[in-house]
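Below are the sequence and a predicted model for it; my questions follow.
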Amino acid sequence: MKKSFFVAVAALTLLLLTAPAAVKAVVADPDEPIAQIIVTASRIEEPLKYSPDAVTVVTETEMKQKGQKTVIDVLEDTPGMVVSRNGAFGAPSSIYLRGTNNAHTFIMIDGVRVGDSMSTDGKLSISDLSTDNIERIEIVRGAQSVLYGSDAIGGVINIITKKGKGKPSFSFSSEAGSFQSFRENVGVSGSNDRLSYAASVERFDTQGVSKADEDLPGIDEEDYYHNTSISARLSGRLSDTTSMGFTVRHNESELDMDGYDYVTYAITDTDEVQEITLTSTSANFDHDLTDWWQHMIKIGNTDVERKYTLNGKFNNAFSGTNRQTSWQHNFFIGTVDTISAGFDYEEEEGDLQDPTYGNIPNKSTNTKSFFLQNKLTAFKGISVTLGYRAIDHQTFGSEDLFKAAAAYLIEKTGTKIRGSYGTGFHAPCLYQLYSSYGDPTLKPEKSKSYDIGIEQFFLDEKGNVSLTYFHNEIEDLIDWHPITYVTYNVGEAKTEGWEAVFSFSPANRISFDAAYTYTKATDETPGGIYTGKALRYRPKHSGSASVNIKPQEKLNVNVNARYTGKRYRDKSNINTMPDYTLLNLSASYDVTQRFRVFGRIDNLTDENYNSMYEYGEPGIGFYGGVTLTF
C-alpha cells in the first residue's frame, strides 16, 4: 500500500512538471494561503507568513477544487491529522492531531467553542458538518491552552463562516451519485457599505453502505443517512469604529447505525437509529475605543440533542449545552508590540436518559479564565510571543498555563525559523465523571509540548517547504479500562514526530501540495502493563498530495491522494490495521458565468479499507451535479 501512495505522488509530480507546457503563466493568486491573514493562532489578526505556530489554512476555493463536502474530508488532508470513522456518511469520528486524543483538539465555529458535554469525551462529533457556507478553516497545531483553555492540548480547529460580498447573489446546487446519494443546496449572500450577509440551506440523503464491514458474516445491508444543514452569518458596521455580527449553524441528522451485539460483543447489523440535533449560535461586538485600544465581546451557545432507538424502541438520549462568553482587549503599542488581555467564562450542562444503565439528571460545571499575551515585533523579521492563562475550574480548582513562541523571518532569503513551548490542561467531561462508565475521582490531564521548525519560501513566495519536529508529554491521560470499560487515569503518554509540508503555485492555473507526517505515540506510564506500547489508531506514517490544474479558464481538474499507514487497534499491540491509499478525482466546468457543471470520483481505485476496525467504508463512488448563480 505504501508503494502505491508513492507511485501516486510520483504521478502527481509528473503531472505538475509536464502541465506548464499547456498552461499560460500568470501572476500567483493573492488568495492563496501564503498571502492570508489568520486570526486563530494568536486571537488577533496576523499574516500567516509571520506566525510562529504551525498553521494550515484551507480556503473555500480549495475545498471546492478537491470536491470536499464535509469538514471531515478537509481534516483528513491536513498535516499531522489522522481521522478514524465508525463507518462512512455521518458516522461518529475521532480526530488524532499529532498523536493526541480526540478530546485534545479544540473546535470552534467563528471563534466560539462548540462541544458536546455528554459525549464520551466531551467533543462534538463533526461528521454532520458540511463545508457549505464556510469561507475557510484554520488549523493550528501544537499546544494552544493558554489562549483557548481546556481541550487545546493538541491544537485548534476554527471553522469560519462565509461573509457576504458585493451585490445580492443567489445560488442553487444539485448533486446525485453512487449509493443513491442526493445533495441540494440553496444560498444567498451580499453586502453594502454597512451590512454583509450570507445564508444557505443544504440537504443530503444517501442510502449509504453498511456501517459494519461487509466482509463480516451476515452483513449485506445498507445504512441510510439524512442530514439537513442551515447556516447564516450577518455582520454590520455601526460606525467607523464599531461593528457587530451574528452567526448560526443548525443541523438535523438521522443515521442507521450498526453496533455491538451485547452477548458476543461483535459488530453486527443492529436495528439502531441515531438522531442528532445541533444548534450553534454566536454573537460578537467589536469596538475600537482609541487608535491603540480595541475590545471585543463574544457570546456563544451550542445545544446538542442525541436520541437513540433500538429495534424501534427508545434506548437512550443525551442532551448537552455549552455556553461561552469572552471579553478581550487588544492594546497596540505602535507597530512593535500588541498586548492582549481577556476573560473567558464557559459553562457546561448535561443530561442523560437511559432506562438500562441509569439516568444522569442535570449535571453542570463551569470554568473561569483570565489570559494575557504579549506579541512583540520590535526587530525586523523577529516575532516573540509570551502568554499566560489562569484557570479556575469549578470541579478541579485552579491551574496556571504558559506559552512562549518565536519566529525569525530572514526576508532576503525567505527563510523562517520558528518554535514554541506550551503547557496544557484538559478536564474530564461530564460523561466521564458521572455516567455509569464514569469516575467522579478522575484527575484532569496536563501536558507539556514544544515544536521547532524551519520554513523556506521560494520564487517570490509562489511556493514554500517546511519541516517541523513536535513533542508532547501528557500526564494522567484519561482512557477506558480494557476490562471494566470505566474511565480511569492511565498514567503518562508521549507523542513526537516530524511534519514535512510542500506547496507550489508557479502560476494561477496550477498548484501542487504534499504533506508527510511521522508520528510516534506511546504509553509512557512507569511500571504500566502497556508501557512502551503504541497508542491505538496512531499510524507512524501518513501523508497526502494533490495537483490542481486549470487547462483552460473555464475548466478545473484536481487529483488528490491520501495515505494512512499501519496502526495498532489494541493496547497490547498484537493486532494491526492495514495501511491504505485513497485516490480521488474532482473536476468542474463553467459553461457560462452563472452555470457550472461538476463531478468527482471518490476512491478512484476502489480500495477496500477500514479506518476503524470492523467498520465499513465505501468503494468507488461517482458523483455529478450543477450549480446556478444569479
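Sure thing, it's come through. Numbers count the residues shown, from 1 in each chain.

Which parts of the stretch 101-250 of the chain are helices?
Along the stretch 101-250 of the chain, counting by DSSP state H, counting those that start in this stretch, helices occupy 145-148.

What are the buried residues along the helix or strand hosting residue 256?
Taking DSSP states H and E as the criterion, residue 256 maps to strand 242-260. Residues of strand 242-260 classed as buried: 243, 245-259 (neighbour count, 16 or more other CB atoms under 10 Å). In short, each C-beta sits where N, CA and C put it, glycine included.

Where does pLDDT dip in the stretch 251-400 of the chain?
Filtered on pLDDT under 70, the stretch 251-400 of the chain yields the residue ranges 261-265.

Please look at residue 403 and residue 385 and confirm they touch.
Yes: the pair residue 403 and residue 385 qualifies as a contact (CB atoms under 8 Å) at a distance of 7.4 Å.

List the strands paired with the helix or strand following the strand holding residue 256, with their directions.
Of the helices and strands lying after strand 242-260 in sequence (DSSP H and E), the nearest is strand 267-288. Here strand 267-288 is paired, per DSSP bridges, with strand 242-260 (antiparallel), strand 293-310 (antiparallel).

can you tell me which of those strands comes nearest to residue 539?
Proximity to residue 539 (CB to CB) singles out strand 242-260 among these, at 24.1 Å.

starting at the chain centroid, how far to the closest one?
Put simply, strand 242-260 sits 15 Å off its chain's centre (CA atoms, centre = their mean, to the nearest Å).

go on, stretch 334-348?
That offset, for stretch 334-348, works out to 23 Å (CA atoms, centre = their mean).

now stretch 585-604
With CA atoms, centre = their mean, you get 25 Å for stretch 585-604.

Enumerate the positions of that stretch that are buried.
Using 16+ other CB under 10 Å as the burial criterion, the residues of stretch 585-604 that qualify are 586, 587, 588, 590, 596, 598, 599, 600, 601, 602, 603, 604.

Pick out the most distant pair among these.
Top of the distance list for the buried residues of stretch 585-604 (CB to CB): 590 and 603, 26.5 Å.

chain center to stretch 483-497, what's the gap?
For stretch 483-497, the distance to the chain centre is 23 Å (CA atoms, centre = their mean).

what does that stretch rub up against?
Contact with stretch 483-497 is made by 98-100, 428, 432, 437-439, 442-443, 445, 469-481, 517-526, 528, 530, 535, 538, 540, as judged by CB atoms under 8 Å, 6 or more residues apart in numbering.

For PyMOL, write the selection for the buried entries among those.
To isolate the buried ones among the contacts of stretch 483-497 in PyMOL, judged by 16+ other CB under 10 Å, type:
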select buried, resi 98+99+100+428+432+438+439+442+445+470+471+472+473+474+475+476+477+478+479+517+518+519+521+522+523+524+525+530+535+538+540
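
So which of the contacts of stretch 483-497 sit within helices?
Among the contacts of stretch 483-497, the residues falling in helices (DSSP state H) are residue 432.

Identify those among the contacts of stretch 483-497 that sit within strands.
Secondary structure from DSSP state E places 445, 469-480, 517-523 of these in strands.

where does the stretch 1-150 of the chain have low pLDDT?
1-35.

Strands of that one, start to end?
Secondary structure of the stretch 1-150 of the chain by DSSP state E, counting those that start in this stretch: the strands cover 37-38, 46-47, 54-59, 81-85, 93-97, 105-109, 112-113, 134-141.

Include distance to residue 353 when you put those strands into TSV, please.
Shown next, in TSV, are these (distance: least, CB to CB, whole Å):
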stretch	distance to residue 353
strand 37-38	42
strand 46-47	46
strand 54-59	38
strand 81-85	27
strand 93-97	24
strand 105-109	26
strand 112-113	25
strand 134-141	33
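
how about these, which one is nearest residue 361?
When the strands of the stretch 1-150 of the chain are compared by CB to CB, strand 112-113 sits nearest residue 361, at 24.4 Å.

Quick check: which helices or strands does the closest one pack against?
Contacts defined by 3 or more CB pairs under 8 Å, 6 or more residues apart in numbering; DSSP states H and E place strand 112-113 against strand 293-310, strand 313-333.

who touches it?
With contacts defined as CB under 8 Å, 6+ apart, strand 112-113 is touched by 106-107, 148, 151, 280, 282, 298-300, 302, 322, 324, 326, 346.
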